[in-house]
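**Student:** Have a look at this fold, sequence not included:
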């Protein structure tokens, strides 16, 4: 029998206890995988390469206040700015007010939208058709798939913020790097229906020449309108998205708190299991030493058992966490979790953490067992 076989067989000697321990560790790792994935999506990933070149300008006080449309021309004069597009939130109802029927709707400039959002892919003929139809609209491919929409379909949005019910014809379907669940229609059509919003815009999307220009542009734009009645707040597209996440509360502290609690609980479960297992095998340790096993080898055997159990449980937990994130990101009410998935780096980190927890949990009881005197060990009655 090899040492590897010995470790494997010893790890599953008490099948019930090992199974229960693995279930506990697997569920903990599943939750940890989900939390790590959310953390990565919110605070580490920058999106597509093109998105790192984009900024959003809004009213300094709140998104509920609009900005004059002529700001777009002034912003375009800032060094490093390639293009500027206005976007106005519509927020109408489609079918009914159920959450599963909610999606983002914006009035914008058809001539400029895809010049700023260069990572949105749309067939040229569909883009041309939209630009020549004031009552036309373009939709995200995932949104079109959800409702079974195709080019030429007509939809009606019932206004909730504005007293308008635009009737739109889908002229194009675009594909984004990450699903946006959004619909865009002509700003002029919106202004005709809502005269109070003529020459006004909720936000401006800005495309910078390079990612390095983004901080300079943000400062320059806000300085330009510092003394204006409608001051601005300009930030990167990533930072703008995090502003919405911040509305949920201190998400960073929440995620870190859960991760810390999960690791601590997993450590306690694994340590308790290993302590019980090793205490029951005191006489076995004495026999191993009698056969010539050194203290270091005994220590390595018991630590190896814990790592094997922890890693196997970690694999199961990662698979569960991946499945949970897949279901959450493909749910009609996914919201901030839309398009988020577990990547290979997160899986590897979770697996390494599982192995580390197993090692740390077994280290003290294993060291104690390796120091057992042969005579005392043989006398032990467990």
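**Tutor:** Thanks, I have it. As the structure is a prediction and not an experimental result, all values here were calculated from the model.
**Student:** Which elements pack onto the helix ranked longest in the chain?
**Tutor:** As assigned by DSSP state H, the longest helix anywhere in the chain is helix 295-329. Helices and strands touching helix 295-329, as assessed by 3 or more CB pairs under 8 Å, 6 or more residues apart in numbering; DSSP states H and E, comprise helix 3-11, helix 15-39, helix 251-280, helix 282-290, helix 344-370. Where you see a C-beta, it was placed from the backbone N, CA and C, and this is true even at glycine.
**Student:** To residue 228, which of those helices lies closest?
**Tutor:** When the helices and strands packed on helix 295-329 are compared by CB to CB, helix 251-280 sits nearest residue 228, at 32.7 Å.
**Student:** In the closest one, which residues are buried?
**Tutor:** 251, 255, 259, 262-263, 266-267, 269-271, 273-275, 277-278 (16 or more other CB atoms under 10 Å).
**Student:** Show me what it is packed against.
**Tutor:** Checking 3+ CB pairs under 8 Å, 6+ apart, helix 251-280 ends up next to helix 15-39, helix 295-329, helix 344-370.
**Student:** What are the neighbouring residues in contact with residue 243?
**Tutor:** residue 235 (CB atoms under 8 Å, 6 or more residues apart in numbering).
**Student:** hang on, it in a helix?
**Tutor:** Yes: counting by DSSP: H, G, I helix; E, B strand; the rest coil, residue 243 is part of a helix.
**Student:** what about it, distance to residue 189?
**Tutor:** Counting by CB to CB, to the nearest Å, the separation of residue 243 from residue 189 is 28 Å.
**Student:** same question, residue 152
**Tutor:** For residue 152, the distance to residue 189 - CB to CB - is 18 Å.
**Student:** now swap in residue 145 and tell me
**Tutor:** In terms of CB to CB, residue 145 sits 25 Å off from residue 189.
**Student:** Mind listing residues that contact stretch 32-42?
**Tutor:** Residues from elsewhere that reach stretch 32-42, judged by CB under 8 Å, 6+ apart: 242, 245, 251, 255, 258-259, 262-263, 317-318, 320-322, 324-325, 328, 336-337, 340-343, 345-347, 349-350, 353.
**Student:** Tell me how far that stretch lies from the chain's centre.
**Tutor:** 6 Å (CA atoms, centre = their mean, to the nearest Å).
**Student:** what kind of secondary structure is the residue positioned nearest the centre of the chain in?
**Tutor:** When CA atoms, centre = their mean is applied to the chain, the residue found nearest the centroid is residue 41 (3.1 Å). Classification of residue 41 by three-state DSSP places it in helix.
**Student:** any idea of the pLDDT on it?
**Tutor:** We have a pLDDT of 77 for residue 41.
**Student:** same question, residue 51
**Tutor:** So, for residue 51, pLDDT stands at 82.
**Student:** which residue packs closest to it, ignoring adjacent ones?
**Tutor:** Sequence neighbours aside, residue 237 is the residue nearest to residue 51 in space, at 5.3 Å (criterion: CB to CB, 6 or more residues apart in numbering).
**Student:** So for residue 145 and residue 189, which residue has more residues nearby?
**Tutor:** Each of residue 145 and residue 189 has its neighbours counted (other CB atoms under 10 Å); residue 189 has more, 20 against 12.
**Student:** That one and residue 122: what is the separation?
**Tutor:** Counting by CB to CB, the gap from residue 189 to residue 122 is 19 Å.
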